[in-house]
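Q: coords below, sequence missing:
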């Protein structure tokens, strides 16, 4: 069963419907919109935070108050939170990937690594 080791509530394993497949990954602190075809929800892949009792997209919080969240040096150098962390629960090893994302204003530095994959037998 996909996603079983993520400890999701069984009702959430196919939360988007069987036609979209089972949930077998979790994104953490994501400011990256998912690109899963024409059925992708507008906020799919994006993380939410609670701030002053209200739900807000982490992306909007970083765009609005990035200096307060990440510090002015990070905002100046990287332009935002450009890291995507995922847990994958495919049928073999439990995998974690950390991927730098590209901000709209910046291109990948030449020769820069784009992802790190950690894998462990669970």
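A: That came in fine, so what should we check first? These numbers were taken from a predicted model, which means no experiment stands behind them.
Q: and residue 55, that one's in a helix?
A: No - Residue 55 is assigned strand when assessed by DSSP: H, G, I helix; E, B strand; the rest coil, not a helix.
Q: report how many residues lie close to residue 30.
A: 22 (other Cβ atoms under 10 Å). Quick note: C-beta positions are derived from backbone N, CA and C, even for glycine.
Q: does it touch residue 58 like I think?
A: Yes - counting by Cβ atoms under 8 Å, residue 30 touches residue 58, with 7.0 Å between them.
Q: overlap in contacts, these two.
A: Both residue 30 and residue 58 are in contact with 46-47, where contact means Cβ atoms under 8 Å, 6 or more residues apart in numbering.
Q: shouldn't residue 13 be in contact with residue 20?
A: No - proximity of residue 13 to residue 20 does not meet the contact threshold set by Cβ under 8 Å, at 11.2 Å.
Q: which one's more surrounded, the two?
A: Comparing residue 13 with residue 20 by other Cβ under 10 Å, the one with more neighbours is residue 13, at 17 against 14.
Q: what's the nearest residue to residue 58 if we skip its chain neighbours?
A: Nearest non-adjacent residue to residue 58, counting by Cβ to Cβ, 6 or more residues apart in numbering: residue 47, 4.4 Å away.
Q: so what does whichever strand or helix holds residue 68 touch, helix or strand wise?
A: Assigned by DSSP states H and E, residue 68 falls within helix 58-70. If you count contacts as 3 or more Cβ pairs under 8 Å, 6 or more residues apart in numbering; DSSP states H and E, helix 58-70 packs onto strand 48-51, helix 72-78.
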